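S.K.: make a model of this:
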Amino acid sequence: MFETHYGLTGRPFQLTPDPRFYFESATHRKAMSYLGYGLAQGEGFIIITGEIGAGKSTLVAHLMQTVDKARLTAAQIVTTQLKGDDLLHMVASSFGIATAGLDKTGTLGAIEQFLHGEARAGRRCLLVVDESQNLPFAALEELRMLSNFQLGSHPLLQIFLLGQPEFRATVHGAPGLEQLRQRIIATHHLGAMEQHEVQPYVEHRMTLVGWHGHPAFADDVWPRMFAETGGIPRKVNMLINRVLLMAAVDNRDSIDAALIDAVLADLSVDSMSDEDWQNEAMLASAARHAEHASNAAPAPAPVAEVATPVAAAIPEVSRTDFNHFVREVRAFAGEQQEARTLLVQELQTALDRIQTLEARPADTTDLQPLLNRIDALEQLQAEQQKALHRVLALLVGWVEDDSAGMWPQGRAA
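M.R.: Numbers count the residues shown, from 1 in each chain. Just a heads-up that it's a prediction; the model follows:
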C-alpha cells in the first residue's frame with residue numbers, strides 16, 4: 001500500500017529472495033569471492049552459512065545470474081528432513097532426470113549418466129542445496145558420494161551447501177563426516193551488515209523501485225534501525241516495511257527514529273521473538289520450494305472450496321465513527337496474526353509431505369491434492385494481504401482528508 005502512496009513501482013522489501021535487489025555489503029562481497037573461487041575450481045563442496053535472513057539465497061540467486069548458462073547446468077533444492085534415498089530422487093528431479101520406478105542403484109546410475117552427458121557437451125554441473133542444516137548424516141553422505149562421480153580425472157558435479165550457523169558446527173564437528181570435510185574447498189559465514197551499510201542498503205532497494213527521496217530519511221533513522229535489527233537484511237526489510245506503512249498512513253514526507261519507536265510500540269514488537277523470525281524463514285523457504293517445484297510439477301487444478309475470503313469479513317465502517325473503525329482495525333490485525341501462525345503451520349506440514357512425495361515421482365496420486373492445497377493456502381494468503389491493504393488504504397485516504405480540513409477537530413484513536 002505504501003508503494004502506491006509514495007509512487008513506487010514495486011515492493012522493495014518483499015519476503016522472498018529476489019536477485020534484482022542484491023546489495024553487496026562487505027560480508028556479501030567476501031562470500032561472492034569464495035563462491036567465485038569455488039566455481040573456478042569446479043569441484044568439491046562450498047559451504048555458506050548465515051543467520052536466518054542474512055541473504056544466503058539471494059546471494060546464490062545473484063551468482064546464478066552472473067554465470068554462463070551455456071557452460072553451466074545448475075539445479076537447486078530446498079530441503080526439510082530428507083532421508084538419503086529421498087534426497088537422491090530430489091537431486092535427480094531438480095536436474096530433470098526421470099527416475100520413475102528406479103531403486104537407489106538405478107537412480108544413482110541415471111544421475112551419473114546425466115552428468116556424463118553434460119560433461120561431454122562441455123557443460124559443468126552445479127547443485128545448490130538450501131537449508132542444509134536439516135539434512136541428516138545419511139543424506140550428507142549421499143551428497144558426498146555424488147561428488148565422487150568423474151569423467152577421467154574431471155569431476156562431474158560441484159555442490160554448494162547453504163545453511164544456518166549450526167550447520168557449520170555440524171560439518172566441522174561430526175566424526176562421521178570426515179570424508180566430506182576433506183572435499184570442502186571453501187567456507188564462509190555470512191554475517192550481518194555493518195551499521196554504515198544499512199542506509200545504502202535501504203536506499204539501494206528503494207531506488208530500484210523508483211524512489212527519488214520521497215519520503216526522506218532523517219540521519220537518526222539508521223543507528224536506530226541497526227540497533228533494532230542487528231544489520232540482518234530480512235529484519236531490516238520487515239522493520240522498514242512497517243515504518244513505511246505507518247508513514248503512509250500518517251501522510252508523512254519524512255521518516256525519523258521517533259517513527260521507528262512508534263511502530264515498535266504500536267506493534268508491541270520491541271524485540272521480535274526467535275519464533276517470529278523462524279516463521280519468516282519458514283515462509284521464505286516454502287516460497288523458494290514452491291518456485292522450484294512449480295517448474296517440474298503440473299499446474300494444480302482450481303480449488304473448489306477455500307476458506308471464506310478475509311476481505312469479505314471486513315465490515316463497512318461509517319466515516320462518522322472513526323474510533324470504532326480503529327478498534328475494528330486493531331481487532332482485524334490480531335486476527336491476521338493468528339491466521340498467519342496457522343498458515344505457517346499448515347505450509348510446513350504440506351511442505352514436508354510434498355517433498356517426501358516428490359522423492360517418489362512414480363507415485364503422483366497423493367501429490368496433486370497437496371499441490372491443490374498449497375494453491376489454496378496461497379489464495380488465502382493473497383486474500384489476507386488484499387484485505388489488509390484495503391483497510392490501510394482507507395486509513396490513508398481518511399488521514400489525507402483530515403489534512404485537507406474535512407474532519408472535525410478532536411478525532412482520536
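S.K.: ok, and what's touching stretch 137-157?
M.R.: Stretch 137-157 is contacted from outside by 42-45, 79, 82-88, 91, 108, 111-112, 115-116, 118-120, 125-127, 129, 135, 158-159, 161, 171, 174, 176-177, 179-180, 183, using CB atoms under 8 Å, 6 or more residues apart in numbering. For glycine as for every other residue, the C-beta is placed from the backbone atoms N, C-alpha and C.
S.K.: excluding chain neighbours, what is closest to residue 106?
M.R.: residue 99 (7.1 Å; CB to CB, 6 or more residues apart in numbering).
S.K.: so what's the one you found up against?
M.R.: 89, 92-93, 106-107, 110, 361.
S.K.: any stretches of this protein with poor pLDDT?
M.R.: 1, 79-84, 267-413 (pLDDT under 70).
S.K.: please, where are all the strands along it?
M.R.: 45-50, 72-78, 124-130, 150-151, 154-155, 157-163, 184-190, 216-217, 254-255 (DSSP state E).
S.K.: the last one: partners in the sheet, and parallel or antiparallel?
M.R.: The one in question is strand 254-255. For strand 254-255, the paired strands and their directions (DSSP bridges) read strand 216-217 (parallel).
S.K.: next: the second one.
M.R.: For strand 72-78, sheet partners with direction are given as strand 124-130 (parallel), following DSSP bridges.
S.K.: also the fifth one?
M.R.: Partner strands and pairing direction for strand 154-155 (DSSP bridges) are strand 150-151 (antiparallel).
S.K.: tell me how far the nearest residue to residue 216 once chain neighbours are set aside lies from residue 224.
M.R.: Spatial nearest neighbour of residue 216, chain neighbours left out: residue 254 (4.4 Å); criterion: CB to CB, 6+ apart. According to CB to CB, to the nearest Å, residue 254 and residue 224 sit 14 Å apart.
S.K.: try residue 76
M.R.: 36 Å.
S.K.: over to residue 97?
M.R.: In terms of CB to CB, residue 97 sits 51 Å off from residue 224.
S.K.: just residue 265 next, same as before
M.R.: Distance, residue 265 to residue 224, by CB to CB: 13 Å.
S.K.: these two: who's more crowded?
M.R.: Using other CB atoms under 10 Å, the more surrounded residue of residue 265 and residue 224 is residue 224, with 20 against 10.
S.K.: next up, the contacts around the nearest residue to the more buried one once chain neighbours are set aside.
M.R.: Excluding its sequence neighbours, the residue lying closest to residue 224 (CB to CB, 6+ apart) is residue 257, at 3.9 Å. Residues near residue 257 by CB under 8 Å, 6+ apart: 218, 220-221, 223-224.
S.K.: do residue 220 as well
M.R.: 256-257.
S.K.: that older thread, just send the strands of the chain back as TSV, with distance to residue 11 too.
M.R.: Formatted as TSV, the strands of the chain follow (distance: least, CB to CB, whole Å):
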stretch	distance to residue 11
strand 45-50	23
strand 72-78	22
strand 124-130	22
strand 150-151	45
strand 154-155	40
strand 157-163	24
strand 184-190	23
strand 216-217	18
strand 254-255	17
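S.K.: so which of these gets nearest residue 57?
M.R.: Residue 57 lies closest to strand 124-130 among those, at 6.0 Å (CB to CB).
S.K.: what sits up against that closest one?
M.R.: Here strand 124-130 has contacts from 39, 42, 56-57, 60, 64, 71-79, 91, 94-95, 115, 118-119, 135, 143, 146, 156-162, 285, 288, using CB under 8 Å, 6+ apart.
S.K.: ok, and for stretch 186-193, which residues are buried?
M.R.: 186-188, 190-193 (16 or more other CB atoms under 10 Å).
S.K.: please apply the same query to stretch 170-184.
M.R.: 170-171, 177, 180, 184.
S.K.: and for stretch 114-130?
M.R.: Neighbour-count burial for stretch 114-130 flags 114-115, 118-119, 123-130 (criterion: 16+ other CB under 10 Å).
S.K.: how about the helices in the stretch 1-150 of the chain?
M.R.: Using DSSP state H, counting those that start in this stretch, the helices of the stretch 1-150 of the chain run over 2-5, 26-41, 56-66, 84-94, 104-120, 137-146.
S.K.: report the angle between the longest one and helix 137-146.
M.R.: Counting by axes from the mean of the first three to the mean of the last three CA atoms, to 10 degrees, helix 104-120 points 40 degrees away from the direction of helix 137-146.
S.K.: what packs against helix 104-120?
M.R.: For helix 104-120, the elements it packs on are helix 84-94, strand 124-130, strand 150-151, judged by 3 or more CB pairs under 8 Å, 6 or more residues apart in numbering; DSSP states H and E.
S.K.: output it as PDB, nothing but the C-alphas.
M.R.: Coordinates of the C-alpha atoms in helix 104-120 are reproduced here as PDB (Å, rounded to 0.1, in the frame of the first residue of the first chain):
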ATOM      1  CA  LYS A 104      18.600 -46.400  -5.300                       C
ATOM      2  CA  THR A 105      21.100 -48.100  -7.600                       C
ATOM      3  CA  GLY A 106      19.100 -47.200 -10.700                       C
ATOM      4  CA  THR A 107      18.700 -43.600  -9.500                       C
ATOM      5  CA  LEU A 108      22.500 -43.200  -9.000                       C
ATOM      6  CA  GLY A 109      23.100 -44.700 -12.400                       C
ATOM      7  CA  ALA A 110      20.600 -42.200 -14.000                       C
ATOM      8  CA  ILE A 111      22.300 -39.300 -12.300                       C
ATOM      9  CA  GLU A 112      25.800 -40.400 -13.300                       C
ATOM     10  CA  GLN A 113      24.700 -40.900 -16.900                       C
ATOM     11  CA  PHE A 114      23.200 -37.400 -17.000                       C
ATOM     12  CA  LEU A 115      26.400 -35.900 -15.500                       C
ATOM     13  CA  HIS A 116      28.500 -37.700 -18.200                       C
ATOM     14  CA  GLY A 117      26.200 -36.400 -20.900                       C
ATOM     15  CA  GLU A 118      26.600 -32.800 -19.700                       C
ATOM     16  CA  ALA A 119      30.400 -33.100 -19.400                       C
ATOM     17  CA  ARG A 120      30.600 -34.400 -23.000                       C
END
